[in-house]
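> what's the 3D shape of this:
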Amino acid sequence: MYRYEMETTGKRVLALLAVGVWLATATGELMAESKRIVYIEASPVNNWKLDGFAARTGIERYRFEVLREYDFDKSKLVDRVLAGGAPWPDAVIVQECSAYFPGDMQAYRRMYRALLTVIATVVPPARSVSWWQDAKDFIKKRLLGRPGRLEQVVAFNEWLRTVGAELKIPVFDLERLLRVSAEDRYMRAEYSQGDGVHLAPVAYQRLDTELLEFLDRLEWRKVSK
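Reported below is the predicted structural model:
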């Protein structure tokens with residue numbers, strides 16, 4: 001069993017590694033055996049094919065299992081991973097889709113605080129190429145006073161980063177990797193499949209490299225049960 005130690009203000013929180021990555025001490029070293037990574041994906045990356053990562057890269061130190069849940073609430077799927085018993089995954093990464101936004105932000109935040117998973121920020125939407133989407137956003141923002149999709153995605157991602165820092169949970173920052181810039185938070189045009197939500201093949205090539213570097217930066221240790 002692996003564990004990741006997180007400290008909140010005034011108390012220490014311990015959670016099973018199946019819902020997080022347990023970091024090693026500062027002097028720890030990466031364990032030699034391959035790591036089992038469960039990636040619970042949303043539809044924007046449904047062509048990433050992470051379960052074929054080793055075959056296309058020749059890198060075998062991580063074994064990816066991909067689970068798909070296209071509702072925002074991933075808690076039942078995380079519970080199912082936990083209920084599987086040993087051997088525990090070394091990490092579980094949960095990702096959401098921008099299509100859930102605008103939505104019930106308070107409910108979304110409650111779900112994430114309960115999961116305590118490794119955090120992946122939401123893939124930002126691309127600029128709209130549809131007059132219909134533009135019209136819906138105009139009605140929501142100008143007539144109903146509601147935030148648009150991009151505004152809520154950005155706000156939710158900022159909150160995820162804050163929670164990650166607070167609980168010392170690693171954050172795989174998909175938004176930062178795929179957006180135009182820190183000032184322009186839309187998805188880069190070349191990364192969009194064309195519908196404003198899903199990713200093009202060139203984006204997956206970059207994500208392969210970035211996810212590998214993200215996992216290699218973590219330190220792992222095996223602890224007794």
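
> Show me the shaky parts of the protein.
1-32, 84-86, 102, 111-117, 129-147, 219-225 (pLDDT under 70).

> Do a quick rundown of the helices in it.
Here the chain has its helices, by DSSP state H, at 53-57, 75-83, 105-115, 131-138, 149-167, 174-178, 201-217.

> which residues touch the nearest residue to Trp48 once chain neighbours are set aside?
In space, and not counting its chain neighbours, Trp48 is closest to Tyr204: 5.1 Å by C-beta to C-beta, 6 or more residues apart in numbering. From N, CA and C alone the C-beta is placed, and that goes for glycine too. Residues near Tyr204 by C-beta atoms under 8 Å, 6 or more residues apart in numbering: 45, 47-49.

> hang on, the earlier thing: which stretch among the helices of the chain approaches Val122 most closely?
helix 149-167 (5.1 Å; C-beta to C-beta).

> helices or strands up against the closest one?
strand 3-8, helix 105-115, strand 118-120, strand 171-172, helix 174-178 (3 or more C-beta pairs under 8 Å, 6 or more residues apart in numbering; DSSP states H and E).

> how about stretch 172-190: buried residues?
172-179, 185-188 (16 or more other C-beta atoms under 10 Å).

> how about those residues, which pair is most distant?
Phe172 and Tyr186 (19.5 Å).

> what's the burial count for Pro201?
Using other C-beta atoms under 10 Å, the number of residues around Pro201 comes to 10.

> OK, contacts around the residue nearest to Tyr70 when sequence neighbours are not counted?
With C-beta to C-beta, 6+ apart as the criterion, Tyr70 has its nearest non-adjacent residue at 5.7 Å, and that residue is Ser43. Taking C-beta under 8 Å, 6+ apart as the criterion, Ser43 is in contact with 70, 97, 99, 197-198.

> JSON lines for those residues, including distance to Ile119 and neighbour count?
Output for the contacts of Ser43, formatted as JSON lines (distance: C-beta to C-beta, whole Å; neighbours: other C-beta atoms under 10 Å):
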{"residue": "Tyr70", "distance to Ile119": "19", "neighbour count": "13"}
{"residue": "Cys97", "distance to Ile119": "15", "neighbour count": "21"}
{"residue": "Ala99", "distance to Ile119": "19", "neighbour count": "20"}
{"residue": "Val197", "distance to Ile119": "20", "neighbour count": "19"}
{"residue": "His198", "distance to Ile119": "21", "neighbour count": "20"}
